[in-house]
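> Curious how this folds, go ahead:
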Amino acid sequence: MMNTFSRRFEMLCKKHNIKPTSLSFSDEIGINKSTINNYSTGTSPTAENIVKISKYFNVSSDYLLGLTNLPDRIDNFVSSNMELDITNLTENQLAEVQNYINYLKNNNSDK
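Got it, this is the predicted structure:
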């Protein structure tokens, strides 16, 4: 039975036209070919291999593990989507921004 990691790994390989069991992919990512093959049967990867795979596909480890449905790593998301210019905000406005962030964190529908 495939787990979330296996499904997402397979989907990312298809999306990038990568055959996961190819020797070139195995060499490029630095994970043994037989280990990669085991992922399709539901074998859980080591933490080290999760990091390698997430870096290769430029997705978060949390996404690979099914802890979030957002594939982007947070640093990519923030740098590309969230330029906040708070230099001219008053203390009250900054407090409102912080309150809103706390509200969003506490009312996260992905819990």
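> Going by C-alpha atoms from here, please, whenever you check contacts or count neighbours.
OK.
> And Phe25, how close does it get to Glu96?
Distance, Phe25 to Glu96, by C-alpha to C-alpha, to the nearest Å: 48 Å.
> Who has more neighbours out of the two?
Phe25 (17 against 12; other C-alpha atoms under 10 Å).
> Check that one and give its pLDDT.
Note for Phe25: predicted pLDDT of 93.
> same deal with Asn69?
Value for Asn69, per-residue pLDDT: 77.
> How is this structure partitioned into domains?
Split into domains by automatic domain parsing, the chain comes to 4-71, 76-106.
> So which of the ones you listed is the most surrounded?
domain 4-71 (a mean of 16; mean count of other C-alpha atoms under 10 Å).
> First-to-last residue distance for it?
13 Å.
> Run the chain-centre distance for that domain.
How far domain 4-71 lies from its chain's middle: 11 Å, per C-alpha atoms, centre = their mean, to the nearest Å.
> on that earlier part again, out of the domains of the chain, name the one with the poorest average pLDDT.
domain 76-106 (a mean of 72).
> Return the distance of Phe57 relative to Pro45.
Distance, Phe57 to Pro45, by C-alpha to C-alpha: 15 Å.
> again with Lys33
With distances taken as C-alpha to C-alpha, Lys33 is found 13 Å from Pro45.
> Name the nearest residue to Pro45, ignoring sequence neighbours.
Tyr39 (7.1 Å; C-alpha to C-alpha, 6 or more residues apart in numbering).
> ok, Gly13 - contacts?
Let me fix one detail, which is that residue 13 is Cys and not Gly. With contacts defined as C-alpha atoms under 8 Å, 6 or more residues apart in numbering, Cys13 is in contact with 19-20.
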